[in-house]
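*Asks:* Any chance you can model this:
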Amino acid sequence: MKKLFLLMIASLICLTTISAQVSQEEADQIVIDRMSNETSDFIIYAKDGVQTTFEVITASGETLELNYPCWVYYVNFADETNGKYLIVKENNGNLLEVNAKNDEVPDVECWRIVGEEEPEYPIDISFTKYSLSGTSCQWVNLNYDEELIIINSDEELENYIDCTDYPEIDFSQYTLLLASGKTDYEILKLIVKNLMQLSENEYELNIAVCLYETVSIEEWSIALIVNKINAESQIIIQTEDVEWCCKDELYYYSDNEMVFLGEFLMNDCLLIGYEDYIQEEVINYINQTNLFEPVNSSFIFSSNPYKMLLVNTKEQYTCFQLKEIIKMLEQSDLVAFVNFTYKLFNIEIMFCADEFIVRVKDENDLADLHTVVQETNTWIKGEIQLSYTLYIISADKNSNGDALQMANYFHETEKFKWAAPNFWHLPEWPINVYSDFINLRN
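*Replies:* This next block holds a predicted model:
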């Protein structure tokens, strides 16, 4: 018959320094001190909370029952041939050690590891979008009430999906988060900003639901694959409004890293580009809109073949409202393009005119450059000859996007070494920042 060897050990720290009730931290230290002279590798697991009763059951069925409040620990040695229970009495810190050699190892999956460094919350959790595109599948049984479902098995998934050919998920390693909701307006797009872990079992999923102004009740859903999450975890859905979505589009790439500009957006200033010979007509048109302050001739500049002027609005506008003003202005035949402006450190105004810069991968093969230029309705404006060649590309209102958007598009095709907007700055304007690109990417 297997035996349990019980050994009562006096507290390993001075009892006069322990309070009437031993805290978790004090109990942890007692156990750590007890194991400090062990030469074998081991892990100490702790059962959460004070246990008022606890049973140790051996493989042979023998039972040790504790009927007093205590902190319970299990030491698992690397050789996996033995283990031991360390039980700290809550009222005085006395330590009971149970050598459980050859006994059954407890299920410590949900136990805390002692000595493991506590994570600093919040933690940004990585995820991968899970799409049903290209399959016959569709989501079912969703209530669309800001709901988030934690799915940890194929059996659970089949309750919410209608088909059998859904993309496979390895549920031994991953969890599927299925979020859904409802809006009162037509949905433009959904953007998952982040998934933040707030504590051990608390999470917050931040989603931007970008909307048109068209009234239309619409339901939305989005699915994410993440590393395994406890089914009992609480995950709150937070949705952002259209303004965040607008600003989220304002970015560029620097060494393959996205640099966001939304927080620097000027809410009362736009850059308007036009043909040189119609300047007077353009100024008259701008004044007739009654949206802008009188044009200041000090802020009229040239970017061949365009003239450009910075105009201040009479009021502060949101990003989305400015985008609507841009659409309205670009409907005029007098206007070549209208772009956002940015203010850095409350001092320097920065903007992108019609230009962005592209460096090809192989200067002997410009096929991709000419193809993408044609696809996007942009045009090659010029070249900068260094030890290699930079190509200046121009975008106007007839292109597939403004210069900032087109620079990002060219970069995201991965057909070029890099592509980036040609920013201009005030008060140092008009200094091109070609040197910035060269220094960053050479």
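
*Asks:* how much space is there between the residue lying closest to Tyr160 once chain neighbours are set aside and Glu219?
*Replies:* Spatially, and ignoring its direct neighbours in sequence, Tyr160 is nearest to Asn141 (5.4 Å; CB to CB, 6 or more residues apart in numbering). Using the backbone N, CA and C atoms, a C-beta is placed for each residue, glycine as well. Using CB to CB, to the nearest Å, Asn141 is found at 13 Å from Glu219.

*Asks:* Look at these two and report which has more neighbours.
*Replies:* More neighbours surround Glu219 than the other of Asn141 and Glu219, with 13 against 9 (other CB atoms under 10 Å).

*Asks:* and that one, what does it touch?
*Replies:* 142, 144, 180-182 (CB atoms under 8 Å, 6 or more residues apart in numbering).

*Asks:* Recalculate using a threshold of 6 Å.
*Replies:* 144, 182 (CB atoms under 6 Å, 6 or more residues apart in numbering).

*Asks:* before we move on, what about Arg359?
*Replies:* So Arg359 contacts 390, 417-418 (CB under 6 Å, 6+ apart).

*Asks:* State the helix or strand in which the most centrally placed residue in the chain lies.
*Replies:* For the chain, the residue sitting closest to the mean C-alpha position, by CA atoms, centre = their mean, is Asn194 at 3.6 Å. Per DSSP states H and E: Asn194 is located in strand 174-199.

*Asks:* Given that strand, what are its sheet partners and their directions?
*Replies:* Strand pairing for strand 174-199, using DSSP bridges, gives strand 123-125 (antiparallel), strand 147-151 (antiparallel), strand 202-227 (antiparallel).

*Asks:* worst average pLDDT in those strands?
*Replies:* Among those, strand 202-227 carries the lowest mean pLDDT, at a mean of 84.

*Asks:* And the next helix or strand past that one?
*Replies:* Next element after strand 202-227 (DSSP H and E): strand 234-240.

*Asks:* What residues of that next one count as buried?
*Replies:* 235, 237, 239-240 (16 or more other CB atoms under 10 Å).

*Asks:* now do stretch 208-226
*Replies:* Residues of stretch 208-226 classed as buried by neighbour count (16+ other CB under 10 Å): 208-211, 218, 220-226.

*Asks:* then stretch 252-261 to PDB, C-alphas only?
*Replies:* Extracted as PDB, the C-alpha positions of stretch 252-261 are listed here (Å, rounded to 0.1, in the frame of the first residue of the first chain):
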ATOM      1  CA  TYR A 252       1.900  56.700 -44.100                       C
ATOM      2  CA  TYR A 253       4.700  54.100 -44.000                       C
ATOM      3  CA  SER A 254       8.200  54.700 -42.600                       C
ATOM      4  CA  ASP A 255      10.400  51.600 -42.900                       C
ATOM      5  CA  ASN A 256       7.300  49.400 -43.200                       C
ATOM      6  CA  GLU A 257       5.900  50.800 -40.000                       C
ATOM      7  CA  MET A 258       2.500  52.700 -40.200                       C
ATOM      8  CA  VAL A 259       2.700  56.200 -38.800                       C
ATOM      9  CA  PHE A 260      -0.700  57.600 -38.000                       C
ATOM     10  CA  LEU A 261      -1.500  61.300 -38.600                       C
END
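
*Asks:* Make residue 1 into 50 and carry on from there
*Replies:* Sure, I'll start numbering at 50, so the last one becomes stretch 301-310.

*Asks:* surely Ile174 meets Leu247?
*Replies:* No: judged on CB atoms under 6 Å, Ile174 makes no contact with Leu247 at a distance of 10.5 Å.
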